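Chemist: I'd like to go over a predicted model; first the sequence, then the structure.
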Amino acid sequence: MQKQEHGGDIYSASYRLDFSVSVNPLGLPHSVRQAVVRSTAMLEQYPDTRCRDLRSKVSERFRVPAHWLTFGNGAAELIFAIAHAIRPQCGLLICPCFSEYEKALRSAGCSDIRFYLCPRTEGFRIGEDILDQITEDVDVIYLSNPANPTGILTGRDLMVRILERCRENKVMLVVDECFLEMTREPSDYTMMGYVADNPCLVVLRSFTKTFAMPGLRLGFCVTSNRQLSDRILECVQPWPVSIPAQMAGEAALEETRYLEEARSLIAQELRHLRQSFDRIGINCYDSEANFLFFEGPENLLELCAKKGILIRDCRNYRGLGPGCYRAAVHTRRDNEELCGVLSDIYRLHGHYLTDREAGHY
């Protein structure tokens, strides 16, 4: 049986709390839940393959033409569809990064996959030397902002320079912004405003994380490159978005204060988690997303599982290894529970060498 590489595997064991999936800690909005219930009256029909109502609302919300949008069964489907639409011979990945980028490139027949490893000594931040890696023989770059699993944000100035280098060398740039809406100032970092003048740019978004609806699966991408957009559409399944997911997405876009409240809660709880981790003696990094990246003993996943806590093992991220973990930001009560479990583990099992101290990097 294939091993689950991602978070959310609550089916293999009994867990009290799942910190492995980084979705909005406020949970599914009530209006979205109601929309899903209403959708049951339409389940004897096929979904709208064009997602007309949802498309109109997304277009209005993000101020982009409706025909620039392609919807999928979560962002994951679009990661693969984009790769198959481009059919690159050479791809560049900014690491550590989501494992599906590499899988998507390989499934599309990409024979030359290169990896830019964000230096650990710089807190896994992208350096200016990334520009030297964007050469004419590269066909596509996948870059997440904020980065997954580190939660590091790349500033607008560097992102624009990366985009300019891509345009000069005819390289497609896929910017994954699936976690961006849960950072403090998403408008300061999004590349949505650059799509119009840059047909080499694709921006990827997900309702899954933003509105805590991973069980429904809904994502979209934006590009002004009509030829590429048409090819992406050909690479997704005929009915990629179910009726419940479409109606849930429409309801989510009607929410007004939900995201503001979520950002405030995440910023507050992220600070609390960092302070608690510091007291426990856990080495963590400067995430600005709704999750915290940290290091611990190689068996921490199992030790937490015995306490009914599921965290994300990040060893399958390119550029990382055993002892690297990610924990989602929850509400204060749940976060206190996590910190209590971690504190007990460290007290009972003594001091563990982190990968840095052991010289594994």
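Modeler: Received the coordinates, thanks.
Chemist: wait, doesn't Asn283 sit right on Pro297?
Modeler: No. Judged on C-beta atoms under 8 Å, Asn283 makes no contact with Pro297 at a distance of 11.5 Å. Using the backbone N, CA and C atoms, a C-beta is placed for each residue, glycine as well.
Chemist: Between the two, which is the more surrounded one?
Modeler: A direct count of neighbours by other C-beta atoms under 10 Å for Asn283 and Pro297 places Pro297 higher, at 20 against 15.
Chemist: so which helix or strand takes in that one?
Modeler: For Pro297, there is no helix or strand it lies in under DSSP states H and E.
Chemist: Please tell me I have it right and it contacts Pro322.
Modeler: No. Look at Pro297 against Pro322 with C-beta under 8 Å: they stay out of range, at 9.1 Å.
Chemist: Please enumerate the shared neighbours of those two.
Modeler: When C-beta atoms under 8 Å, 6 or more residues apart in numbering defines a contact, no residue borders Pro297 and Pro322 alike.
Chemist: what's the neighbour count on Arg279?
Modeler: Arg279 sits with 10 neighbouring residues when counted by other C-beta under 10 Å.
Chemist: next one: Leu259
Modeler: 18.
Chemist: For it, which non-adjacent residue is closest in space?
Modeler: Spatial nearest neighbour of Leu259, excluding adjacent residues (C-beta to C-beta, 6 or more residues apart in numbering): Glu181 at 6.0 Å.
Chemist: With Gly127 instead?
Modeler: Pro119 is the one closest to Gly127 (C-beta to C-beta, 6+ apart), at 6.5 Å.
Chemist: how about that neighbour, phi and psi?
Modeler: Backbone geometry at Pro119, expressed as degrees, to the nearest 10, gives phi -60, psi 130.
Chemist: now do Arg114
Modeler: According to degrees, to the nearest 10, Arg114 has phi -110, psi 150.
Chemist: Isn't it up against Ile94?
Modeler: No. If you go by C-beta under 8 Å, Arg114 and Ile94 don't touch, sitting 10.2 Å apart.
Chemist: Those two: which has the busier surroundings?
Modeler: Ile94 (24 against 14).
Chemist: Surely the more buried one forms part of a strand?
Modeler: Yes. Assessed with DSSP: H, G, I helix; E, B strand; the rest coil, Ile94 lies in a strand.
Chemist: Can you give me the distance of it to Pro199?
Modeler: 21 Å (C-beta to C-beta, to the nearest Å).
Chemist: Likewise for Tyr346?
Modeler: 51 Å.
Chemist: where in the stretch 251-361 of the chain is pLDDT low?
Modeler: 350-361 (pLDDT under 70).
Chemist: quick one: the helices in it?
Modeler: 258-280, 300-306, 332-349, 355-358 (DSSP state H, counting those that start in this stretch).
Chemist: neighbours around the residue nearest to Leu259, how many?
Modeler: 19.
Chemist: measure it to Val23 for me?
Modeler: From Glu181 over to Val23 the distance is 11 Å, taken as C-beta to C-beta.
Chemist: who touches both of the two?
Modeler: With C-beta under 8 Å, 6+ apart as the test, Glu181 and Val23 both reach Lys209.
Chemist: remind me which residues of the stretch 1-150 of the chain are low pLDDT?
Modeler: Checking the stretch 1-150 of the chain against pLDDT under 70 turns up 1-14.
Chemist: those strands in it, which residues are they?
Modeler: Taking DSSP state E, counting those that start in this stretch to define them, one finds strands in the stretch 1-150 of the chain at 17-18, 69-72, 90-95, 112-117, 140-144.
Chemist: so what strands line up beside the shortest one?
Modeler: Applying DSSP bridges, strand 17-18 is found paired with strand 309-310 (parallel).
Chemist: quick one: the partner strand to chain centroid distance?
Modeler: 20 Å (C-alpha atoms, centre = their mean, to the nearest Å).
Chemist: next one: stretch 299-306
Modeler: 24 Å.
Chemist: can you list the residues that contact it?
Modeler: Ala13, Tyr15, Pro297, Leu310, Ile311, Asp313, Gly323, Tyr325, Val341, Leu342, Ile345, His349.
Chemist: 6 Å - rerun?
Modeler: Contact with stretch 299-306 is made by Ile311, Asp313, Ile345, as judged by C-beta atoms under 6 Å, 6 or more residues apart in numbering.
Chemist: Same question for stretch 188-199.
Modeler: Contact with stretch 188-199 is made by Phe62, Leu153, Arg167, Val175, Leu201, Val203, Val222, Ser224, Asn225, as judged by C-beta under 6 Å, 6+ apart.
Chemist: Understood, closing this out.
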